[in-house]
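Peer 1: Requesting a structural model of the entry that follows:
(2 chains)
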2 protein chains.
Amino acid sequence: MPGAIVTQFINLIEARRVPDALMLLSAECEYDNVPIGKVTGPEQVGAILGPFVGRYDEVDWVVHHQVASGTADEGVVMNERTDRFRSGDRWVELPVMGLFLVRQGKIDLWRDYFDLATLQRASQPA
Amino acid sequence: MPGAIVTQFINLIEARRVPDALMLLSAECEYDNVPIGKVTGPEQVGAILGPFVGRYDEVDWVVHHQVASGTADEGVVMNERTDRFRSGDRWVELPVMGLFLVRQGKIDLWRDYFDLATLQRASQPA
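Peer 2: This next block holds a predicted model:
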């Protein structure tokens, strides 16, 4: 099921196992942070995700709703999340909706919608 | 099906039939533009949506993907859209993801995720 692949991907990010998470992406996977821009392929995704996740002591992506259609061979998954990152005593929180297109058992597109100013405000040192 | 209710709602907005669209909302419907804030109930939704839609000559919400689960009695619908608004010769375009919770045949929550700065830039006079 396509939703299970996305859930596994998010679980691996929460475990900060980024190389394992990247194994769930297709070779041509597009990762689009809508207000920032997009990159292509697991290596470029890892170059963003690795340092970002590595910066924090704990990663907790709370999935409020997730809906999927199709199959693992050709599927669409969307979720509403609060992506939370802890640094010391402080949590950074970002409300997000994400779209994942699954092709042949891999995530072929990951597109996150959020407000950039909210992320920038949340990320500022206290 | 809950997806059909959301599709009908969007079609009515595109037809700029806001009062008819509001009939598809529950009495307690929450409308949350995540980076801006939320209002409650069809009257308050109409107070936002009516003037906004009325400001434009044409409204075209392109749904790229829509996924639903559950029933019209208790369902979850999510979509990825480009909300387009024409004023004279000029189109304003906003990339959006939306979440809709459907309860007893009505939309009980509508939450749109987008980048506020993108909307502000797009809405500026040319």
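Peer 1: who are the neighbours in contact with residue A:76?
Peer 2: Contact partners of residue A:76, counting by C-beta atoms under 8 Å, 6 or more residues apart in numbering or on different chains, are A:2, A:68, A:69, A:70, A:99, A:100, A:101, A:102, B:65, B:67. Quick note: C-beta positions are derived from backbone N, CA and C, even for glycine.
Peer 1: List just the nearest of these to residue B:23.
Peer 2: residue B:67 (24.3 Å; C-beta to C-beta).
Peer 1: The helix or strand in which that closest one is found versus strand A:58-70: what angle between them?
Peer 2: Counting by DSSP states H and E, the element that carries residue B:67 is strand B:58-70. Relative orientation of strand B:58-70 and strand A:58-70, computed by axes from the mean of the first three to the mean of the last three C-alpha atoms, to 10 degrees: 100 degrees.
Peer 1: hmm, strand B:58-70 in reach of chain A?
Peer 2: Yes - Strand B:58-70 reaches chain A (C-beta under 8 Å from any C-beta of the partner chain) through B:65, B:67, B:68, B:69.
Peer 1: if we can go back for a sec, by neighbour count, which of the contacts of residue A:76 wins?
Peer 2: Comparing the contacts of residue A:76 by number of neighbours (other C-beta atoms under 10 Å in any protein chain shown), residue A:102 comes first, having 27 neighbours.
Peer 1: Which strand residues bridge that one?
Peer 2: Using DSSP bridges, the bridge partners assigned to residue A:102 are residue A:75, residue A:107.
Peer 1: That one reaches residue A:70, doesn't it?
Peer 2: Yes - using C-beta atoms under 8 Å, residue A:102 is in contact with residue A:70, at 7.4 Å.
Peer 1: Quick check: neighbours shared by the two?
Peer 2: With C-beta under 8 Å, 6+ apart as the test, residue A:102 and residue A:70 both reach A:2, A:76.
Peer 1: What is the burial count for residue A:124?
Peer 2: Residue A:124: 8 neighbours (other C-beta under 10 Å).
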